[in-house]
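Chemist: Whatever this is, show me its structure:
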Amino acid sequence: MLRRGPPRAARLRQRHGGQGSPSAAVIRGHDEKRKVRNVRIENVTVGGKRVTGPEQNLLETGPFVEGATYK
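Modeler: A predicted model of the protein is given here:
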């Protein structure tokens, strides 16, 4: 089912005290017509270190993503 109407906004605020996760979190769209747009990731820390951008094996940005920002 396709969603009609304005895009929804989501916020992710998360703290993780471990040394990383067994697998990375991945933000990705489904295909060229169903992209993930304008994702804002703020105040995300892992092991006491603030995530300031995509990082391999931690928080990755996959295909079909536009406008991801980190704060």
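
Chemist: Poorly predicted segments of the protein, please.
Modeler: Residue ranges of the chain with pLDDT under 70: 1-23.

Chemist: wait, E32 sits on P63?
Modeler: No. E32 sits out of contact with P63 when judged by C-beta atoms under 8 Å, with a separation of 9.1 Å. Any C-beta I mention is one placed from the backbone N, CA and C, and that applies to glycine too.

Chemist: Neighbour count: these two, which is higher?
Modeler: P63 (12 against 8; other C-beta atoms under 10 Å).

Chemist: Tell me which residues touch the more buried one, please.
Modeler: 28-29 (C-beta atoms under 8 Å, 6 or more residues apart in numbering).

Chemist: what's the spacing between it and K35?
Modeler: 9 Å (C-beta to C-beta, to the nearest Å).

Chemist: intersection of neighbour lists for the two?
Modeler: G29.

Chemist: Quick check: buried residues in stretch 52-61?
Modeler: 54, 58-59, 61 (16 or more other C-beta atoms under 10 Å).

Chemist: ok, now which ones touch Q56?
Modeler: By C-beta under 8 Å, 6+ apart, the contact list for Q56 reads A24.

Chemist: typo on my end, G53
Modeler: If a contact means C-beta under 8 Å, 6+ apart, then G53 has Y70 as its contacts.

Chemist: Would you mind measuring from it to N38?
Modeler: With distances taken as C-beta to C-beta, G53 is found 16 Å from N38.

Chemist: so who does the nearest residue to V44 once chain neighbours are set aside touch?
Modeler: Excluding the flanking residues, the one nearest V44 by C-beta to C-beta, 6 or more residues apart in numbering is V51, at 4.4 Å. V51 sits next to 41, 44-45, 58-59, 70 when contact means C-beta under 8 Å, 6+ apart.
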